[in-house]
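Chemist: Next input, structure requested:
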Amino acid sequence: MQRRKIRLESLLWTLSWVALTGVLLLNGCESGNSREPPQTYTPEVAVATIEPQQVELTTELPGRTSAHLVSEIRPQVNGIIEKRLFQEGSNIETGQLLYQIDPAPFQAALDSAKASLRKAETNLPSVQARADRYRELIGANAVSQQDYDDATAMLEQARAEIEFWKAEVQRARINLNYTRVESPISGRIGKSNVTVGALVTAYQPTPLATIQQLDPIYVDVAQSAAEAQRLRRSLETGLLSTDKDSGKTVRILMEDGTPYPREGTLKFRDVTVDPTTGTITLRIIVPNPDYVLLPGMFVRAVVQEGVTDKAMLVPQQGVGRNPKGQPFALIVDETGKVEQRNLTLDRAIGNQWLVTSGLAPGDRVVVEGMQKVRPGGSVTPVPWTQEKSGGEGQGKKDPTAES
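Modeler: Numbers count the residues shown, from 1 in each chain. Predicted structure coming up:
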């Protein structure tokens, strides 16, 4: 009896478990049939629409300043320095007396030459009279031909002696004037290399002092010959246009990056390429009334290359690099698909890249959210608010840009 009861309870538990399992399976199937398909996630990205812009392209070139005029003062006669008539470091005017060399021996030489000239001039009338008498007598055969020839020769010799002493007087006067060492230019004079009482010689290698004209001042900058050729091709093909007046205006940056308050003017480009550096020299003349620029200073010149009306600018954060270091951008097409484009960059302009190839007007470049998308994927584009860029086309060239 007891055994029959245990079997009955076991059968009831088994039936209950089977019924519960069936109910659970039925509910699972019903819920599985009614579940909706999972929704796909489309990332949202900020895009910038590329439009052609007018940009003034400039380039920064390193250079050094040099004086507009330099005069190394050297004596032209031998002598003793008697006076120094300037203050070191002062401004000098053209013709100002700088040194006085002892003039006594040169004054004596001038007086001696003048005396010899007067002696020669005094002898001329008697010789002239003798030659004239012999000319009259030779016709009557009163004197010999030899005597007449001698009188004529003495006359020519007397005239030549007068000319000789005239030249000696002029030479002595010039040497006397050379004892006054005057400034040939206006400018600022440096230190004096000699003192009063020093012996100087004509055209000695060491200058007495040096005068430099600093207003205006030259800035000589170096430009790559390859870059100059690229710029010429751009101008010839019409990619760049330039204005003759504004193209000659140059801005100067000090060594610490501070802008110099006055603009310079491009004077010329040299026609010789330095074989050691492959560069040509550009000379700029800059006003310098306050003597802020001194010879030998390192500066940078912002030179205008030209103006392009169809510049393609893309924000720098919208440009990536592949493992080879080549730049690329992600473009969103009309269907919302992402496409990768390889780019050719020219230079940075503010916070943007100037693109020479790889983009077309109207392209939508992914600026924010590049990490969330892959080429070929779908995205939801939203407009990107562009920040202000530098405005002028200056900056470093991209290392992958074609020359």
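
Chemist: make it CA atoms for all contacts and neighbour counts henceforth
Modeler: Will do.

Chemist: distance between the helix of greatest length in the chain and the chain's centre?
Modeler: Counting residues, the longest helix in the chain under DSSP state H turns out to be helix 104-139. Its chain's C-alpha centre and that of helix 104-139 lie 65 Å apart, by C-alpha atoms, centre = their mean, to the nearest Å.

Chemist: helices and strands around it, which ones?
Modeler: Secondary-structure packing of helix 104-139 (3 or more C-alpha pairs under 8 Å, 6 or more residues apart in numbering; DSSP states H and E): helix 145-178.

Chemist: After the helix it packs on, which helix or strand is next?
Modeler: strand 180-182 (DSSP states H and E).

Chemist: Only the buried residues of the helix or strand encompassing Thr265, if you could.
Modeler: Thr265 belongs to strand 264-269 when assigned by DSSP H and E. The neighbour-count check on strand 264-269 (16 or more other C-alpha atoms under 10 Å) flags 264-266, 269 as buried.

Chemist: For the following helix or strand past that strand, which helices and strands make contact with it?
Modeler: Sequence-wise, the next helix or strand downstream of strand 264-269 (DSSP H and E) is strand 279-286. Secondary-structure packing of strand 279-286 (3+ C-alpha pairs under 8 Å, 6+ apart): strand 209-224, strand 264-269.

Chemist: Return the list of helices and strands in contact with the helix or strand hosting His68.
Modeler: In this structure, His68 sits in strand 53-73 according to DSSP H and E. When contacts are defined as 3+ C-alpha pairs under 8 Å, 6+ apart, strand 53-73 sits against strand 209-224, strand 298-315, strand 392-393.

Chemist: returning to that earlier point: now do the strand holding Thr265 against strand 279-286, angle only.
Modeler: Orientation of strand 264-269 against strand 279-286 (axes from the mean of the first three to the mean of the last three C-alpha atoms, to 10 degrees) gives an angle of 140 degrees.

Chemist: Now do strand 264-269 and strand 209-224, the angle between them.
Modeler: On the basis of the same axes, to 10 degrees, strand 264-269 is oriented at 80 degrees to strand 209-224.

Chemist: Rounded mean pLDDT for strand 264-269, please.
Modeler: Averaging pLDDT along strand 264-269 gives 84.

Chemist: residues making contact with it?
Modeler: Identification of contacts with strand 264-269 by C-alpha atoms under 8 Å, 6 or more residues apart in numbering yields 248-252, 280-287.

Chemist: rerun that using 7 Å as the cut-off
Modeler: Identification of contacts with strand 264-269 by C-alpha atoms under 7 Å, 6 or more residues apart in numbering yields 248-251, 281-287.

Chemist: May I see these organised as a markdown table, with distance to Tyr203, pLDDT and neighbour count added?
Modeler: Output for the contacts of strand 264-269, formatted as a markdown table (distance: C-alpha to C-alpha, whole Å; pLDDT from 0 to 100; neighbours: other C-alpha atoms under 10 Å):
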| residue | distance to Tyr203 | pLDDT | neighbour count |
| --- | --- | --- | --- |
| Lys248 | 40 | 74 | 17 |
| Thr249 | 41 | 82 | 17 |
| Val250 | 40 | 86 | 21 |
| Arg251 | 41 | 89 | 19 |
| Thr281 | 32 | 87 | 20 |
| Leu282 | 33 | 87 | 20 |
| Arg283 | 31 | 89 | 21 |
| Ile284 | 32 | 90 | 26 |
| Ile285 | 31 | 92 | 23 |
| Val286 | 33 | 93 | 24 |
| Pro287 | 33 | 94 | 18 |
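
Chemist: farthest-separated two in these?
Modeler: Farthest pair in the contacts of strand 264-269 (C-alpha to C-alpha) is Thr281 and Pro287. Separation: 19.5 Å.

Chemist: circling back: would you single out the least confident of the helices and strands packed on strand 53-73?
Modeler: Among these, strand 392-393 scores lowest, at a mean of 48.

Chemist: And Glu263, how close does it get to Ala225?
Modeler: 25 Å (C-alpha to C-alpha, to the nearest Å).

Chemist: For Gln2, report the pLDDT, please.
Modeler: The model reports Gln2 with a pLDDT of 51.

Chemist: what does the one 4 residues further on give?
Modeler: Predicted confidence (pLDDT) at Ile6: the value is 52.

Chemist: Near Arg180, how many other residues are there?
Modeler: When neighbours are defined as other C-alpha atoms under 10 Å, Arg180 has 19 of them.

Chemist: Give me the distance between the residue nearest to it when sequence neighbours are not counted and Phe164.
Modeler: In this structure, Arg180 finds its nearest non-sequential neighbour in Gln100, 5.0 Å apart by C-alpha to C-alpha, 6 or more residues apart in numbering. With the distance defined as C-alpha to C-alpha, Gln100 ends up 29 Å from Phe164.

Chemist: Bridged to the residue nearest in space to the middle of the chain, which residues?
Modeler: The centroid of the chain falls nearest to Val221 when counting by C-alpha atoms, centre = their mean (3.1 Å). Following DSSP bridges, Val221 is listed with bridge partners Gly63, Leu282.

Chemist: hang on, it packs against Thr59?
Modeler: No: distance between Val221 and Thr59: 11.6 Å, which falls outside the contact criterion (C-alpha atoms under 7 Å).

Chemist: Compute the inter-axis angle for the strand holding Thr265 and strand 298-315.
Modeler: Interaxial angle, strand 264-269 versus strand 298-315 (the same axes, to 10 degrees): 100 degrees.

Chemist: and strand 264-269, how far out from the chain's middle?
Modeler: 9 Å.

Chemist: Pull up the pairing partners for it, direction included.
Modeler: Here strand 264-269 is paired, per DSSP bridges, with strand 249-253 (antiparallel), strand 279-286 (antiparallel).

Chemist: Of all those, which one is nearest Ile185?
Modeler: Closest to Ile185 of those is strand 279-286 (C-alpha to C-alpha; 18.0 Å).

Chemist: ok and that closest one relative to strand 53-73, angle-wise?
Modeler: Using the same axes, to 10 degrees: strand 279-286 against strand 53-73 is 80 degrees.

Chemist: so how far is strand 279-286 off the chain centroid?
Modeler: Averaging C-alpha positions (C-alpha atoms, centre = their mean) puts strand 279-286 5 Å from its chain's average.

Chemist: which outside residues touch that strand?
Modeler: For strand 279-286, the external contacting residues (C-alpha under 7 Å, 6+ apart) are 216-225, 263-270, 272-274.
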